[in-house]
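J.: can you look at this prediction? I've put the sequence above it.
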Amino acid sequence: MATHPTITTTHKPPLLRRHFCPPRYPLSPTTPFLTSHLIRNVPVDVYSKRRRFVLVPPRAFTVDLSNHLVRDAGATVLVVSGAYALVSSFDNLTQRQIIEQSLSRKLVHILSGLLYMGCWPIFSTSTDARYFAALVPLLNCARLLVHGLSLVTNEDLIKSVTREGKPEELLRGPLYYVLMLILSTVVFWRESPIGVVSLSMMCGGDGIADIVGRRFGIHKIPYNKQKSWAGSISMFTVGFLISTGMLYYFSIFGYFELNWPLTIERVATVALVATLVESLPTKGGLDDNISVPLVSMLTAYLSFGFQP
Ligand SMILES: Nc1ccn([C@@H]2O[C@H](COP(=O)(O)OP(=O)(O)OP(=O)(O)O)[C@@H](O)[C@H]2O)c(=O)n1
Ligand SMILES: C/C(=C\CO)CCC[C@H](C)CCC[C@H](C)CCCC(C)C
């Protein structure tokens with residue numbers, strides 16, 4: 001039989017947490033665990049003073065914790081399957097010559113990161129949720145390494161995400177891309193506009209610059225004959241629109257509240273700086289999948305402030 005005190009109150013858990021978590025213990029989704037730990041180890045005098053509040057059976061918290069684990073593990077499996085399905089679908093479209101390999105690569109570039117972010121609300125509110133989410137790009141990172149180093153051959157992956165069909169290409173753009181997804185998920189997650197805007201610029205903005213620039217980029221940028229006005233203008237416009245749309249999406253879930261006139265100015269600044277950096281000549285220099293998200297993070301950090 002359980003030896004814990006019985007529940008004799010109608011107070012809801014948040015109230016209990018307030019009583020049992022002194023200010024030095026942050027109220028976070030892991031608080032239930034800390035709370036049950038504190039209750040069991042609470043010194044006797046404090047315990048007796050607050051006897052009427054020593055009410056929460058640790059079992060309830062264990063169930064709460066395991067609910068989060070089940071939900072996050074399920075969400076991870078779902079998103080990993082989604083990533084696998086996306087890459088296979090584009091391989092299929094390329095094989096059937098419905099789209100060119102270069103277009104497939106850019107569509108995977110645009111869609112995978114944006115859909116990945118779009119899935120973030122599926123994860124629980126636990127503080128560990130971001131690490132479960134980061135497992136998705138991490139597994140893809142391992143997949144790129146294994147195939148990029150030719151330890152295993154997978155034509156699907158190579159055909160849908162490389163330009164020339166060489167395995168070693170997986171170790172450049174696609175690898176940097178998933179590394180940026182991991183970085184942003186772990187550092188910013190869905191609670192900060194910084195990560196959301198930076199990934200939107202990398203996926204949406206940079207991806208569209210290539211698609212539009214290759215097709216309509218007749219007028220080249222004076223300082224970089226490889227890039228065009230059409231590519232850069234579309235990067236700025238689409239990057240700005242996708243970033244704003246993503247921020248709106250996350251604000252609907254209540255992850256952050258934004259002052260919209262100010263947010264629009266800030267997103268426009270980030271989009272402008274990212275577009276300028278993307279337009280620079282980078283022969284042998286930093287890949288756009290590193291420079292665009294990093295410079296966007298820095299600009300967003302300076303304009304939004306850090307809200308991890
Ligand atoms: N601002 C831009 C960006 C890209 N492009 C077009 O898109 C092509 C690919 O650009 P980019 O992605 O920057 O080139 P790479 O780094 O070589 O390719 P990738 O990022 O796909 O590895 C360019 O050759 C150019 O035709 C453009 O016109 N204007
Ligand atoms: C071609 C790419 C970059 C070159 O600029 C992108 C490579 C993408 C990866 C191989 C796959 C990444 C998958 C995402 C981490 C998860 C997507 C999940 C979603 C539900 C489809």
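T.: Sure, I can see it. Ligands and ions are numbered 1, 2, ... in the order given.

J.: now the spatially most central residue of the chain: which helix or strand?
T.: Residue closest to the average C-alpha location in the chain (Cα atoms, centre = their mean): Thr185, at 4.0 Å. Using DSSP states H and E, the element containing Thr185 is helix 173-187.

J.: need the contact list for the residue of the stretch 51-200 of the chain found nearest ligand 2.
T.: At 2.9 Å from ligand 2, Gly82 is the closest residue in the stretch 51-200 of the chain, using Cβ to the nearest ligand atom. Bear in mind the C-beta positions are built from the backbone N, C-alpha and C, glycine included. Applying Cβ atoms under 8 Å, 6 or more residues apart in numbering to Gly82 gives the contacts Leu115, Cys119.

J.: again with Met180
T.: Taking Cβ under 8 Å, 6+ apart, we find Met180 in contact with Ser198, Leu199, Met202, Asn289, Ile290, Pro293, Leu294.

J.: so which bits of the stretch 51-200 of the chain are right by ligand 1?
T.: Gly173 (Cβ under 6 Å from any ligand atom).

J.: residue ranges of the helices in the stretch 51-200 of the chain, please?
T.: Applying DSSP state H, counting those that start in this stretch to the stretch 51-200 of the chain gives helices spanning 58-95, 101-118, 129-148, 155-161, 173-187, 193-200.

J.: ranking those helices by burial, who's on top?
T.: When you average the neighbours per residue for each of the helices of the stretch 51-200 of the chain (mean count of other Cβ atoms under 10 Å), helix 193-200 leads with a mean of 29.

J.: helix or strand right after that helix?
T.: Past helix 193-200, the next helix or strand by DSSP H and E is helix 206-216.

J.: okay, buried residues for that next one please.
T.: Asp206, Gly207, Ile208, Ala209, Asp210, Ile211, Val212, Gly213 (16 or more other Cβ atoms under 10 Å).

J.: in contact with the residue nearest to the third one when sequence neighbours are not counted, which residues?
T.: Spelled out, that is Ile208. Spatial nearest neighbour of Ile208, chain neighbours left out: Val238 (4.2 Å); criterion: Cβ to Cβ, 6 or more residues apart in numbering. By Cβ under 8 Å, 6+ apart, the contact set of Val238 is Gly204, Gly205, Ile208.

J.: can you tell if the helix or strand Val238 falls within touches ligand 2?
T.: Per DSSP H and E: Val238 is located in helix 229-252. No - Helix 229-252 does not reach ligand 2 (Cβ under 6 Å from any ligand atom); its nearest approach is 13.6 Å.
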